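[1] need coordinates for the following:
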Amino acid sequence: MTRAGQQWPDLQPCGTPAAALRHSRRGEPVCYPCLQAMARAWQDRTGQEYRGPQVPDPRPVRNGLPGPRPYVYRGTGADAYTGEVVL
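    This is a model prediction of the structure:
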């Protein structure tokens, strides 16, 4: 008995572990958001540090804009609440 052509009314959206399993059940390549979700689920289950999928993000940059720049801290180093200098 095969599941070819079977419809599932309440599918989970891409970016969830359930969607990643759906991709693999259907023989489709797993999309990048689903790979991220599987990596997060593995990290939660095993207690290891999250490293993300080991493949580059194949999705195009939205609207042709450049990718986000990494965060750079430009503060004074002083705590805004107590005024204490934190290094």
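[2] what about the residue nearest the centre of the chain, which SS state?
    What sits nearest the mean C-alpha location of the chain, by Cα atoms, centre = their mean, is residue 36, with 3.4 Å. Three-state call for residue 36 (DSSP: H, G, I helix; E, B strand; the rest coil): helix.
[3] wait, isn't it in contact with residue 53?
    Yes - contact criterion Cβ atoms under 8 Å: residue 36 and residue 53 qualify, at 6.0 Å. C-beta: built from backbone N, CA, C; applies to glycine.
[4] shared neighbours, these two?
    Counting by Cβ atoms under 8 Å, 6 or more residues apart in numbering, residue 36 and residue 53 have no contacts in common.
[5] report how many residues lie close to residue 15.
    15 (other Cβ atoms under 10 Å).
[6] look up how far residue 41 lies from it.
    Noted for residue 15: a distance of 11 Å to residue 41, by Cβ to Cβ, to the nearest Å.
[7] so where is this protein shaky, pLDDT-wise?
    In the predicted model of the chain, residues 1-3, 5-10, 61-62, 80, 83, 86-87 satisfy pLDDT under 70.
[8] can you pull out the strands in it?
    Along the chain, no segments are classed as strands by DSSP state E.
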